[in-house]
Every structure is written in C-alpha cells, then in structure tokens.
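*Asks:* Sequence first, predicted model second:
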Amino acid sequence: MKKEELAVLVFKDAQKALNNKQLEIAKEKFSTVMELAEGSHPWLYFEACFGLVETYIEEENYKNAINNAFKAILYAPNQEMYFLGLERLKSIFIIIKKNNKISSLSSNFETVTEKKNEELYDFSRAINAIARGNHREAQSIINSLKTNELKNIIRLLLE
C-alpha cells in the first residue's frame, strides 16, 4: 500500500474516532497521518493538523489547538490553503472567546518562531498580549501585520 493510501485510511479512522469522542485514539491517528504526509502530501498534513485542532477543542485544550492550527498554516502548500487556514483559525478564536478562555493563551506558541514566519510570529505575540490583558501592546502589533485576516482576528478579540 502506498504511503498516501495508508495516510488516507488512517485519516478516516481518526475522523471516526473523533466523531465517537475517542479523543486519545483520534489524536494518535491524526499524528500518524501528519508523519506519513509531511513533506509529500501537504493537503493531508494540513487536514490532519486541523483534525488535531478539533480534538483539542473537544478537550478544551485551546493552546494545543492553536499550535496545531499554526502548523497547518505554516506548511500550507499554497495561498488558497493558507487563507483557508486563517479562516479556520478565526473560527477557533471565536470559540475560545465565546468560552471566555483567551487567558489560557498567555504563554508563547512554540510552533511559531520569527524565522519560520515573521507575520504569524507577530500575530502570536499579539494573542499573548491580549491573553495577558495588555490590549495596548496588541493594538500596536496590529500595525506590523500585513494580512487583513490576522488583523481582523485581533480586532475581534479586542472587542
């Protein structure tokens, strides 16, 4: 069986586990898909990252959810998937804000470094600032962002 076929089968199993609320199994299987797909099948990697995001949201582990969303966005194979990732990221922040859990994001995101993507790094710094209650710092970081979708997420969180 080809690596891609195996990854697709494991992905289906992971989705089934997630739907059945078998979160540990789902996390394990989505991680396996990421390993199988990394570097060769970016769309599968992207979807597996967001599968993990859903799993972590179910657990209310928002920090890991955001880290996995950042992984997907960092390795998005094209601009269309990059912006799809940003839309999904916005949805995650809406959930976090609705559940009043933004303060759980006050530590740094290890997935995003300045070297990998300077704009996402600045965005993550703004999120950290909001989580710490420092809205002025977040507001100043908005000006350094080029992508409107990221600016809008920060504005949404500042409301």
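*Replies:* Structure received.
*Asks:* Which phi and psi values does the residue most central in space within the chain adopt?
*Replies:* Nearest to the geometric centre of the chain sits residue 69, at 1.2 Å (Cα atoms, centre = their mean). Backbone torsions of residue 69, given as degrees, to the nearest 10, read phi -60, psi -40.
*Asks:* Report the backbone C-alpha coordinates of the longest helix along the chain in PDB.
*Replies:* Ranked by residue count and defined by DSSP state H, the top helix of the chain is helix 79-98. Extracted in PDB, the C-alpha atoms of helix 79-98 (Å, rounded to 0.1, in the frame of the first residue of the first chain):
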ATOM      1  CA  GLN A  79      -2.000  30.700  -0.800                       C
ATOM      2  CA  GLU A  80      -5.600  29.300  -1.100                       C
ATOM      3  CA  MET A  81      -4.900  26.800   1.700                       C
ATOM      4  CA  TYR A  82      -3.100  29.400   3.800                       C
ATOM      5  CA  PHE A  83      -6.100  31.700   3.700                       C
ATOM      6  CA  LEU A  84      -8.400  28.700   4.400                       C
ATOM      7  CA  GLY A  85      -6.200  28.000   7.500                       C
ATOM      8  CA  LEU A  86      -6.600  31.600   8.600                       C
ATOM      9  CA  GLU A  87     -10.400  31.300   8.300                       C
ATOM     10  CA  ARG A  88     -10.300  28.200  10.400                       C
ATOM     11  CA  LEU A  89      -8.000  29.900  12.900                       C
ATOM     12  CA  LYS A  90     -10.600  32.700  13.200                       C
ATOM     13  CA  SER A  91     -13.300  30.100  14.000                       C
ATOM     14  CA  ILE A  92     -11.100  28.700  16.700                       C
ATOM     15  CA  PHE A  93     -10.700  32.100  18.300                       C
ATOM     16  CA  ILE A  94     -14.400  32.700  18.200                       C
ATOM     17  CA  ILE A  95     -14.900  29.500  20.200                       C
ATOM     18  CA  ILE A  96     -12.200  30.500  22.600                       C
ATOM     19  CA  LYS A  97     -13.600  34.000  23.100                       C
ATOM     20  CA  LYS A  98     -17.200  32.600  23.500                       C
END
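*Asks:* Nothing else from me, thank you.
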